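S.K.: Here is a sequence together with a model predicted from it:
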Amino acid sequence: MNYNQVIKYLNNREKFGIKLGLKNIRLLLKKVGSPHKKIKCIHVAGTNGKGSCCAMISSVLQEAGYKVGMYTSPHLKRFNERIKINNKEISNKDVVKYFLKTKPHITTQTYFEVVTAIAFLYFNEKKVDFLVLEVGMGGRLDATNVVNPLVSLITTISLEHTEYLGNSLLKIAKEKAGIIKKNSIVVTGTNGNVFNLIKKIARKRKAKLVRAKKVKKLNGKFNINGYKKLELDLIGDFQLQNASNSIAVIEALRDYSIKIDKKKIKKGLKKARWQGRMQFLEKNVLVDCAHNPAGIDVLIKEVKKLNYKNLILVMGILKDKDIKEMVKKIAPTADKVIVTKPKTERAAEPSIIEKEFVKYNKHCEIIKDVRKALSHAKKNKGKNDLILVTGSIYTVGEVV
C-alpha cells in the first residue's frame, strides 16, 4: 500500500463514527505490543486551549534537550500534522510502515482509534523521551485514555459535544476529569464549581492537584509567579492562561526529578508555534479555529482590540456544533457575512447557518467552496476592512 491508499483506508473508517469506550483501542494496542505502556506521557484534556498547551509544553521540553512526541487532532491540512517528533511531522513512508503493522489486527476500530494505535507504535519505536498527548473528545472514554501519564492537564471546560459528554458543565467536567489517574498529578486552569469537582475527583484518586498560577500583564510581556518578562509569539490574551497551564505542567515534572531551567522555559514558550489560532495570513486576513461558543467568545474579545473599519466574516461550521449559539455571539460584530462549507461530511449546510444570521438581520452570501469564499471576500473588501475566517478547524485548514 502507498500513502494515499492508507489515507483512503483510514478515511473509510469514518463509517464507524465516534465510539466512546476503551475496549476496542485496548484490544488493538495489546495485539501490537502495548506500546503506550512504554512511553512517558503528558495527557491534555479540555474544551479549548488543548492544542496550544501541547505546543507550548512540547516546545519547552525540546528547548531543554528532550526528544518530544506530540499527538494532536484534527489536522489542518495534512494527516501527518497529527503525529510529530520535535515539530517534525511523521513521513509518508512511516505512515505506511506503522499502518501496515497495525492493519492485520484492525476489526471494528474507528478512524481515531486506529490512528491513535499507529501514533503509539511510532512514538515508542522512535524512543521519544516524552509524548504530549491531546485528548480527542472528552477524556474518560477517549481512545487516548489508555495511558498512565506523569501529569494530566485539564485546560478549560465549556459546553461542547453535549450529545456524547452530557448537557451541563459539571457532567462535561466529570468526563474530562476521567483522565485523572490514581496517585498521579493533575494540573488545571479551571475555576468555580468545575474546579471544585476536579478537586473532589483528584482527592478520591489520591492525585496531587496543581492549580495554574495567575497571569500579570506588563508592558507587552507577562509574569507568572516567579517567571518574569515572559513573551509569546502566539497572538491573543487567552494564550497567557495556556502559558500558565503549561508552566504548571513543566513544574509538576519536578516530582519525577525532571527539572527544567527557567531560561529554557522562557525560551521554549517564546518559540512555541500553533497554526490557525489568531493567525494573520496577510495584513487584513485573520484566521482562527474557534469552533464552539466559548471559542467564539474568546475570539470576539481579541478581534475587538484590532483596528479595522468593517468586519467581513467567512464562516463554515460543523453540523454537530452549537450553530445557534455561535452565530448569536458573532453576528453583532460582523458587517458582511459569507457562509461556506468545508470539505467534510460533518459540515453543516450553509443554508442552516444562514437562517441563524437572518435572525440578527444579517444578509449572507453563500459560497460553498472555502477558498472561493475567501477570494470573494478579498475582492470585495475595503482598504481598512478585516476578513475573519472561522467556525471550524476544517474551514481554517482549507485556507492556511
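M.R.: Yep, it's here. Numbering: from 1, shown residues only.

S.K.: where's stretch 350-369 relative to the chain centroid, distance-wise?
M.R.: What separates the centre of stretch 350-369 from the centre of its chain is 27 Å, taken as C-alpha atoms, centre = their mean, to the nearest Å.

S.K.: what's the answer for stretch 209-225, then?
M.R.: Centroid displacement of stretch 209-225 relative to its chain, using C-alpha atoms, centre = their mean, is 22 Å.

S.K.: what about it, start to end distance?
M.R.: 17 Å (C-alpha to C-alpha, to the nearest Å).

S.K.: Would you indicate which residues of stretch 384-394 are buried?
M.R.: 385-394 (16 or more other C-beta atoms under 10 Å). Every residue, glycine included, has its C-beta placed from N, CA and C.

S.K.: From those, pick the one nearest residue 279.
M.R.: Residue 279 lies nearest to residue 389 out of the buried residues of stretch 384-394, by C-beta to C-beta, at 9.8 Å.

S.K.: The closest one - that's part of a strand, no?
M.R.: Yes. Assignment of residue 389 by DSSP: H, G, I helix; E, B strand; the rest coil places it within a strand.

S.K.: from memory it sits against residue 376, does it?
M.R.: No. Proximity of residue 389 to residue 376 does not meet the contact threshold set by C-beta atoms under 8 Å, at 11.9 Å.

S.K.: what bits of the protein have low per-residue confidence?
M.R.: Applying pLDDT under 70 to the chain picks out residues 159-167.

S.K.: domains for it, by residue range?
M.R.: 3-271, 279-397 (automatic domain parsing).

S.K.: strand partners of the helix or strand hosting residue 69, parallel vs antiparallel please.
M.R.: Secondary structure from DSSP states H and E places residue 69 in strand 68-71. Taking DSSP bridges as the criterion, strand 68-71 pairs within the sheet with strand 83-85 (antiparallel), strand 130-134 (parallel).

S.K.: Only alpha carbons, please: show whichever helix or strand residue 250 is part of as CSV.
M.R.: If you go by DSSP H and E, residue 250 is part of helix 238-252. Extracted in CSV, the C-alpha atoms of helix 238-252 (Å, rounded to 0.1, in the frame of the first residue of the first chain):
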residue,chain,number,x,y,z
PHE,A,238,-6.2,33.8,26.0
GLN,A,239,-2.7,32.3,25.2
LEU,A,240,-1.4,33.7,28.5
GLN,A,241,-3.6,31.3,30.5
ASN,A,242,-2.4,28.5,28.2
ALA,A,243,1.2,29.5,29.1
SER,A,244,0.4,29.4,32.8
ASN,A,245,-1.1,25.9,32.4
SER,A,246,2.0,24.8,30.5
ILE,A,247,4.4,26.2,33.1
ALA,A,248,2.4,24.4,35.9
VAL,A,249,2.8,21.1,33.9
ILE,A,250,6.6,21.6,33.5
GLU,A,251,7.0,22.4,37.2
ALA,A,252,4.9,19.3,38.1
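
S.K.: Return the list of helices and strands in contact with that helix.
M.R.: helix 50-63, strand 151-154, strand 185-188, strand 208-211, strand 215-218, strand 221-224, helix 262-271, helix 293-303 (3 or more C-beta pairs under 8 Å, 6 or more residues apart in numbering; DSSP states H and E).

S.K.: The second one: how far from the chain's middle?
M.R.: Strand 151-154 has its C-alpha centroid displaced from the chain centroid by 14 Å (C-alpha atoms, centre = their mean).

S.K.: Could you do the first one as well?
M.R.: Using C-alpha atoms, centre = their mean, we find the averaged C-alpha position of helix 50-63 to lie 12 Å away from the chain's own average C-alpha position.

S.K.: distance of the closest residue to residue 346 other than its chain neighbours from residue 333?
M.R.: In this structure, residue 346 finds its nearest non-sequential neighbour in residue 318, 4.6 Å apart by C-beta to C-beta, 6 or more residues apart in numbering. Applying C-beta to C-beta, to the nearest Å, the value for residue 318 to residue 333 is 21 Å.
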